[in-house]
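Novice: kindly generate the corresponding structure for this input.
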Amino acid sequence: MTIRVEKVVTSGVFTLDGGSWDVDNNVWLVGDDDEVLVIDAAHDAEAIGRAVGDRRLVAIVCTHAHNDHVNVAPQLSRNFDDAPILLHPDDTALWEQTHPDREPDRPLTDGEVVTVAGASLRVLHTPGHAPGAVCLYEPQLGIVFTGDTLFEGGPGATGRSFSSRDLIVASIRRILFALPPETVVHTGHGPDTSIGAEHANVPPE
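Specialist: Just a heads-up that it's a prediction; the model follows:
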């Protein structure tokens, strides 16, 4: 089967530190005709479920635990035979703000490989936007899913609790910029970019 990447854009509200913002999120699916992985279950479990269809949902991977990236993860899991939810443990405090009564099923660890439909996504721990933020790199496909760590135009936001501007810049420069410059960046919000295109948009450490 041919591996494919699909995007579902969902809309909702991001809340943190007493503020709220209307946002559009990119929900990414990686798989083939038989099985699929969902990256960041945001806002609309029904829309994501329609994109999954009758495929086996291997896992729901969270790039970080801000509510707009995880708010329908438990519902999506229930809808698909309790598919496991994967999250880096450094984001536990953020996760508990949204889901105090439901823990993730398995921790993500730096360097581990999550497999689906012949694709191998390597977990890169990239703290800064959130303590447990991760990116998922698939070298055969030449793509990386960056969540809110790197966007078209530079680093993700760091002006709120649990975030660090110094850490996100270090994560991008030391980890993401080690990837080939032609690597396509699939972001958590907004358009795609590439690793090479963002070199000029990230300040020095």
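Novice: so the residue nearest the centre of the chain, which state does it fall into?
Specialist: With distances taken as CA atoms, centre = their mean, T63 lies nearest the centre of the chain, 3.0 Å away. Following DSSP: H, G, I helix; E, B strand; the rest coil, T63 is assigned to coil.
Novice: and L86, by the same measure?
Specialist: Taking three-state DSSP, the label given to L86 is strand.
Novice: give me the distance between it and V38.
Specialist: 10 Å (CB to CB, to the nearest Å). Where C-beta positions appear, they are placed from N, C-alpha and C, glycine not excepted.
Novice: how about T115?
Specialist: The spacing between T115 and V38, counted by CB to CB, is 14 Å.
Novice: got it, and D32?
Specialist: Taking CB to CB, one finds D32 at 14 Å from V38.
Novice: so for these two, which residue has more residues nearby?
Specialist: V38 (30 against 15; other CB atoms under 10 Å).
Novice: doesn't A157 make contact with L16?
Specialist: No - using CB atoms under 8 Å as the test, L16 is too far from A157 to be in contact (9.9 Å).
Novice: so which elements touch the longest helix along the chain?
Specialist: Ranked by number of residues, the top helix in the chain under DSSP state H is helix 165-174. Where contact means 3 or more CB pairs under 8 Å, 6 or more residues apart in numbering; DSSP states H and E, helix 165-174 is packed against strand 154-155.
Novice: and the strand it packs on, what does it pack against?
Specialist: Counting by 3+ CB pairs under 8 Å, 6+ apart, strand 154-155 packs on helix 165-174.
Novice: who touches the helix it packs on?
Specialist: 125-129, 133, 149-150, 155-156, 158, 198, 202-205 (CB atoms under 8 Å, 6 or more residues apart in numbering).
Novice: of those residues, which belong to helices?
Specialist: Per DSSP H, the contacts of helix 165-174 map to helices at E198.
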